[in-house]
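1. Kindly generate the corresponding structure for this input.
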Amino acid sequence: MIVNRLTVDGKDYFLPDPVDDLRRRILEAVKSGGDYVNIPGLRGGTGLDILFSPGMPVTWVRMEIPDSPPVEEPHTLNLPGLDGFDL
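-> Residues are numbered from 1 along each chain as shown. Modelled structure (predicted):
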């Protein structure tokens, strides 16, 4: 799954693909001197309206997230000299 992290003024917002239309709306808002743009929630919902204006720090990061977390193998400790203890 591709997830996009939008960082606006130090706050992170995680967005599903595609984000092309959202990027266009943010750029238009900045070019027009500032405007509100609705940032959709990662899992739906009404989202959040953010005021974008010229000079506001905005960064995008595109990340690939595995669909299921990797399974960790159980760890065993073999400590010499502790075989006779009931631990």
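
2. And the helices in the chain?
-> 20-31 (DSSP state H).

3. so where's it uncertain?
-> Across the chain, the ranges flagged by pLDDT under 70 are 68-71, 75-87.

4. Is it correct that residue 14 is in contact with residue 3?
-> Yes. With contact defined as C-beta atoms under 8 Å, residue 14 counts as touching residue 3 (5.5 Å). Where you see a C-beta, it was placed from the backbone N, CA and C, and this is true even at glycine.

5. in this protein, which spans are strands?
-> 2-8, 11-16, 35-39, 48-52, 58-64 (DSSP state E).

6. Same list, the ones you listed, but as TSV with distance to residue 72 and mean neighbour count please.
-> Output for the strands of the chain, formatted as TSV (distance: least, C-beta to C-beta, whole Å; neighbours: other C-beta atoms under 10 Å):
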stretch	distance to residue 72	mean neighbour count
strand 2-8	22	15
strand 11-16	24	14
strand 35-39	34	16
strand 48-52	35	15
strand 58-64	20	11
